[in-house]
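**Q** After the sequence you'll find the predicted model.
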Amino acid sequence: MTTQQAPRVGALLIHGLGGTQYDLGPMHKVLRRAGVETHAVTLPGHGGVPEDLLPVRAEQWLATVTKAYDELVDRYDTFHVVGMCMGALLALVLCERRQHRKGQLVALAAPVYIDGWSTPSYRWLRHLVYHMPGLPARIKVEENEPFGIKNDLVRAIVKAKFERGDNFHYRWVPLACIRQVDRLRRWVLAGVHRIACRTLVINAREDELTTLRSLDFLTTAIPQVQSVVVENSYHMICVDNDREQVIASVLDFLELDGVAGRGRARRTVEGLMTAEAVTTLVGEYLLALTTRHYEALFPLLAPGIQWRHLGEHPLAGSYNDRDAVIGLFERLGQMAGDSLQIDVVGTPRIDGQSVELDIAVVYHQADGPSMEGRGTQALQLSNGRIHSVEYRPAVTVAAPEAMTG
C-alpha cells in the first residue's frame, strides 16, 4: 500500500521599487501557513544603497525573476507568481513571456499608468529629462509622506524606521531608475493580452501613485482576470487599512484555506483563546521584538493596551494606549539606534492567557556607556490581542563596567 503525497505548492513573491519583501506585509507568512512554500528575490540594485540602482536596467530585473522562476517552477505541482508595485509589473511580463500556466498570477497595485493624486501635473516632463546627459542620474525622486500608507499607525511606524535609517526601503531612487520602470510599463502595455494563466488584480481607489485606470486596463486586456478595488488604502495595500481584505482576496483566489489569514482568524476569536492561538500570538510578538520589526509588533497590541515599564530606566512609566507604546519605541530608537538588541532568555511561560518572558536588552548610547539589562515581561492576552504588558527589571539597568566593578 502506497501513501499518496500531497501536491506541492510554491510561490514566487516579487517586491517593489526600492523595497524589500516587507512591501508585501504578512503575505509570505500567511501563504506559508496555508501550505505554500514561498520564495523571495532581491532585485538588482536593492538591499544596499539607492546609488546601487543607477546602472541597473529593466532587463536585469526581469532576468533575476526569470531565473528564479525557471529554477523553482518544476519543483512544484502548482506554482504561483505574486508581485507588488514594480514587482507586479515584473510578474505580469514574466508570466506573459514564460506563458505561465502552472498556477495563478497576482498583481498588487501594479502602476501600469503613473497618474495618481500625488504625482505632479508635469510628470510627463520626465520623458524629456531622460534624454539630458547626466541629469537623470543626479535627480532624486524622494519617498515622502504619506509613504503610500493611509493608516496613521502604520505610517508612524514607517516614518520612524526611515528616521532610524532601517534598511527596509530606500528613502529615494534616482530618476534614471524611473526610466527603467517606464520601460517595464511599456512591456506590460504591449504584452499582457497574451497572459495564459488566471490573474487577480488588486488596486486601491485612493492609490497616490496610480489611478484605477491601471486596474481597468489589466481587467480589459488579460483574458482570464478577476479584480478587486479596496476603498481605504493608498498604494501600499499589503500593509495599509485594507491588508486583511487583500490577504483574504488572495487566499480565496488561490483556493487556499482562508483560516490561514491571521487577520481573518483573529476577527472570529471570542472570549478565551485556544492554546494554539496563544502560542501563535506569542511567537509573532517575540519575532517582531527580537528582529526589531516593530511594524509587525504594533498591530498585535490592543488599541487600549496598558504598558508599564517599572524600574529606574529613563523610559520607565505607564503607556496607556497603542499610540503611546509607539512613542515609547520611538524614544528607545532615538536612544539606542541600530545598536538595540532584545533577546528572549529561556522558554516563555504560558498559563492560559497569561505569559511571562525573560528578556535581555543591550544597546549603546550615542553619548554614553553601553547599557545592559535583564527583566521579565508579563503579558495578558485576550481576543487575539495583547491587552497589557508589564516589564519588571531583574537588576538595575547600568553600564557593564559598573555592574562588574
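**A** Structure's in. What do you need? Residues are numbered from 1 along each chain as shown.
**Q** which outside residues touch the strand or helix carrying residue 63?
**A** Using DSSP states H and E, the element containing residue 63 is helix 58-72. For helix 58-72, the surrounding residues in contact (Cβ atoms under 8 Å, 6 or more residues apart in numbering) are 10, 12, 14, 39, 41, 43-45, 79, 81, 86, 90-91, 93-94, 97-98, 100, 180-181, 183-184, 187. C-beta: built from backbone N, CA, C; applies to glycine.
**Q** Quick check: next helix or strand after it?
**A** By DSSP H and E, the next helix or strand past helix 58-72 is strand 78-84.
**Q** and that next one, what's its mean pLDDT?
**A** The predicted model assigns strand 78-84 a mean pLDDT of 98.
**Q** With stretch 187-196 instead?
**A** Averaged over stretch 187-196, pLDDT sits at 98.
**Q** Kindly format the C-alpha coordinates of that stretch as CSV.
**A** Taking C-alpha atoms only, stretch 187-196 is exported to CSV below (Å, rounded to 0.1, in the frame of the first residue of the first chain):
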residue,chain,number,x,y,z
TRP,A,187,6.3,45.9,-22.0
VAL,A,188,3.2,45.4,-19.9
LEU,A,189,1.0,47.5,-22.2
ALA,A,190,2.2,45.6,-25.2
GLY,A,191,2.0,42.1,-23.9
VAL,A,192,-0.5,41.3,-21.1
HIS,A,193,-3.2,40.3,-23.6
ARG,A,194,-1.0,37.1,-24.1
ILE,A,195,-1.0,36.1,-20.4
ALA,A,196,-2.3,32.5,-20.3
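**Q** which residues are contacting it?
**A** Counting by Cβ under 8 Å, 6+ apart, 58, 89, 92-93, 95-97, 99-101, 105, 110, 112, 217-218, 221-224 sit against stretch 187-196.
**Q** And stretch 123-141, by the same measure?
**A** Residues outside stretch 123-141 that contact it (Cβ under 8 Å, 6+ apart): 50, 54, 114-115, 172-179, 182.
**Q** Next: stretch 234-241.
**A** Contacts of stretch 234-241 (Cβ under 8 Å, 6+ apart): 22-27, 84-85, 108-109, 116, 146-151, 154, 202-204, 206-210, 230, 232-233, 243, 246-247, 295.
**Q** partner residues bridging residue 140?
**A** Following DSSP bridges, residue 140 is listed with bridge partners residue 174.
**Q** roughly how far apart are it and residue 108?
**A** 26 Å (Cβ to Cβ, to the nearest Å).
**Q** What of residue 272?
**A** 36 Å.
**Q** ok, the two, which is more surrounded?
**A** Ranked by neighbour count (other Cβ atoms under 10 Å), residue 272 and residue 108 place residue 108 first, with 31 against 13.
**Q** Am I right that that one is in contact with residue 88?
**A** Yes. Counting by Cβ atoms under 8 Å, residue 88 is a contact partner of residue 108 at 5.4 Å.
**Q** For the protein, which segments are assigned as strands?
**A** Per DSSP state E, the chain carries strands over the ranges 9-14, 36-40, 78-84, 105-108, 140-142, 172-174, 199-204, 225-230, 301-309, 317-319, 341-351, 354-364, 370-382, 385-393.
**Q** Could you identify which of these is most buried?
**A** strand 105-108 (a mean of 29; mean count of other Cβ atoms under 10 Å).
**Q** now that strand: mean pLDDT?
**A** The average pLDDT for strand 105-108 rounds to 98.
**Q** just checking, what packs against that strand?
**A** strand 78-84, helix 86-97, strand 199-204, helix 243-253 (3 or more Cβ pairs under 8 Å, 6 or more residues apart in numbering; DSSP states H and E).
**Q** again, only using 7 Å
**A** In terms of contacts (3 or more Cβ pairs under 7 Å, 6 or more residues apart in numbering; DSSP states H and E), strand 105-108 is packed against strand 78-84, helix 86-97, strand 199-204.
**Q** As TSV, those with distance to residue 353 would be great.
**A** Listed next are the helices and strands packed on strand 105-108 as TSV, based on distance: least, Cβ to Cβ, whole Å:
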stretch	distance to residue 353
strand 78-84	35
helix 86-97	39
strand 199-204	35
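**Q** so which of the ones you listed gets nearest residue 372?
**A** Judged by Cβ to Cβ, the one of those that comes nearest to residue 372 is strand 78-84, at 39.3 Å.
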